[in-house]
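Asks: Have a look; sequence and predicted model below, questions after that.
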Amino acid sequence: MAAADSPSATLRRHDLCSRGIRLAGKMRLDVISLLDTYVERQGLDASASVAAVEGVPVAAVERWDEQTGTQRLLENLAAYRAFRALLAQMLEEQREQLGETDTALGRALAAVLLQVSAFAYHLEELLRLESRGLPSEEETEPPLLPHLSLFERKLRGLGVLRELAQWALRSSRDLRQLAKASQGSGSAPSLPDSP
């Protein structure tokens, strides 16, 4: 792993972390905006309680400070791959449900889906830099969900978006932690504490 420890690799890692933090911050803002639109257009109560949704990765983690950089990246990658599949399913369901009558919600979902895909690719780049093999896509596919009623699908969508907002926040923290670790092994400049 000597290549991963070279000064140019350290600077590249720092650059990728910095850009990733900005991407995660922008994504979180867009997801929060989408949540407001989603709640309004789906006729849901913003304070509705949603139980854990099958197939939705949970951002909360025990012993977060004990995780290695690679563990953080792998968990993030698995989560964003799952969100990519879940958001694509939500977009398809939304189009089936409302057709082209609600293009604003469809465009917002598609934009967030694109950001999630780009962020997953960004995480893959970081893992390649760490000289780690990427897990296959099949290993991170969410399970097939049973047929849900329209209301259950709306609540699942709400749960997906809420958890995605939490993941964007966790991703920023994970990338800051990774940047700090690489700072100790190289000469990269420090990152700001907020996106």
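Replies: Received, thanks.
Asks: all contacts plus neighbour counts: C-alpha atoms, from now on.
Replies: Noted.
Asks: Leu74 versus the most centrally placed residue in the chain, what's the distance?
Replies: Centroid-nearest residue in the chain, with Cα atoms, centre = their mean: Tyr80, separated by 4.2 Å. Distance, Tyr80 to Leu74, using Cα to Cα, to the nearest Å: 10 Å.
Asks: Leu129 now?
Replies: Note on Leu129: its distance to Leu74, by Cα to Cα, is 13 Å.
Asks: How about Arg156?
Replies: 24 Å.
Asks: Also Asp15?
Replies: Per Cα to Cα, Asp15 is found 19 Å from Leu74.
Asks: got it, and Phe151?
Replies: 33 Å.
Asks: Looking at those two, which has the bigger crowd around it?
Replies: Leu74 (18 against 12; other Cα atoms under 10 Å).
Asks: Need the three-state assignment for the more buried one.
Replies: Following DSSP: H, G, I helix; E, B strand; the rest coil, the label given to Leu74 is helix.
Asks: How about Leu134?
Replies: Secondary structure state of Leu134, per three-state DSSP, is coil.
Asks: ok, now which ones touch it?
Replies: Leu134 makes contact with 124, 127-128, according to Cα atoms under 8 Å, 6 or more residues apart in numbering.
Asks: So how do I select the buried members of those in PyMOL?
Replies: The buried subset of those, as determined by 16 or more other Cα atoms under 10 Å, is captured in PyMOL by this line:
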select buried, resi 124+127
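Asks: which one of the contacts of Leu134 is nearest Arg162?
Replies: When the contacts of Leu134 are compared for distance to Arg162 (Cα to Cα), Glu124 comes out closest, at 23.7 Å.
Asks: ok so, going back, can I get the contacts of Leu134 in a markdown table including pLDDT, distance to Val160 and secondary structure?
Replies: Shown next, in a markdown table, are these (pLDDT from 0 to 100; distance: Cα to Cα, whole Å; DSSP: H, G, I helix; E, B strand; the rest coil):
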| residue | pLDDT | distance to Val160 | secondary structure |
| --- | --- | --- | --- |
| Glu124 | 94 | 22 | helix |
| Leu127 | 91 | 25 | helix |
| Arg128 | 90 | 28 | helix |
